[in-house]
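**Q** Sequence and predicted structure are below.
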Amino acid sequence: MEAQAGDSRSRDPYGVEFSVIAVTGHAHYIDDQGDIAMASQIVHFAGLSDRDRKTASPLPKLVAGDRLELHVRHAGGKERTLSIPPSAAAAVEALLAHMLRGERVAVLAEDQELSPTEASAILGISRPLVVLRMDRGDLPFRYVGKHRRALLKDVLALKARLETRQAAMDALAEDTEDLIQTHGL
């Protein structure tokens, strides 16, 4: 079964608004009827409500030797403490910092496969331009049936190249403007 890419907004019980984007992959999940289904990897974009952003406090900057623990209180009142490995602390810090700034975030694996539509959202270009980049060889992809899929790490590498090129073009435009103003060219 192949999942369709889509976007649906929802609210979890804690007031966090998020979107779910389905990306074709090889993950199993339990559907609404309790059956195991082959479907997409699901990406949750989460953000904090204004109320939660006001009540939450940022993590202090962690240094070597600091420990990060997560205290979980279950609905029945039972508490559990989970230790977060030091190698994951930076990711947790960044995640919380972005959410406290009001940004919506998602945690993705670099080998996550994206459709051209999802890649276009990350790259900030149209879907047809993503397909053109794929056809030119700028963005590696594979076919899943008749559908193109690109790895997230390849999309991010292309994004970095495009941003570097745009920065160079901006610098060139600034230099040209300076020459015009300074020398009247």
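**A** Now that the structure is in, tell me what you want to look at. Numbers count the residues shown, from 1 in each chain.

**Q** hey, let's count contacts and neighbours off CA atoms from now on
**A** Noted.

**Q** Relative to the whole chain's centre, how far out is stretch 176-185?
**A** Distance, stretch centre to chain centre, for stretch 176-185: 41 Å (Cα atoms, centre = their mean, to the nearest Å).

**Q** Count the residues that sit near Thr117.
**A** Thr117 has 19 neighbours, counted by other Cα atoms under 10 Å.

**Q** Could you pull up the residues touching the closest residue to Ala109 other than its chain neighbours?
**A** Using Cα to Cα, 6 or more residues apart in numbering and skipping residues adjacent in sequence, the residue nearest Ala109 is Leu152, 7.6 Å away. Contact partners of Leu152, counting by Cα atoms under 8 Å, 6 or more residues apart in numbering, are Ala109, Glu110, Asp111, Gln112, Glu113, Leu114, Ala119.

**Q** quick one: Leu152 from Ala91, how far?
**A** 17 Å (Cα to Cα, to the nearest Å).

**Q** ok, now Asp175?
**A** Distance from Asp175 to Ala91, by Cα to Cα: 38 Å.

**Q** Quick one: the strands in the chain, in order.
**A** Along the chain, counting by DSSP state E, strands occupy 7-11, 17-30, 36-47, 68-73, 79-84, 113-114, 142-144, 147-151.

**Q** Lowest average confidence across those, which one?
**A** Note on those: strand 17-30 shows the lowest mean pLDDT, a mean of 33.

**Q** From Asp135, how far off is the residue nearest the centre of the chain?
**A** Taking Cα atoms, centre = their mean, the centroid of the chain lies closest to Ala106, which sits 4.2 Å from it. Using Cα to Cα, Ala106 is found at 28 Å from Asp135.

**Q** can you check Thr81 too?
**A** For Thr81 relative to Asp135 (Cα to Cα), the value is 50 Å.

**Q** Which helix or strand in the protein has the lowest average pLDDT?
**A** Within the chain, no helix or strand scores below strand 17-30, which has a mean of 33 by mean pLDDT, DSSP states H and E.

**Q** Return the longest helix in the protein, judged by number of residues.
**A** helix 152-183 (DSSP state H).

**Q** Now find how far off-centre that one is within its chain.
**A** The answer for helix 152-183 is 24 Å, by Cα atoms, centre = their mean.

**Q** quick one: average pLDDT of that helix?
**A** On average, helix 152-183 scores 93.

**Q** Can you give me the buried ones in it?
**A** Leu152, Asp154, Val155, Leu156, Leu158, Lys159 (16 or more other Cα atoms under 10 Å).
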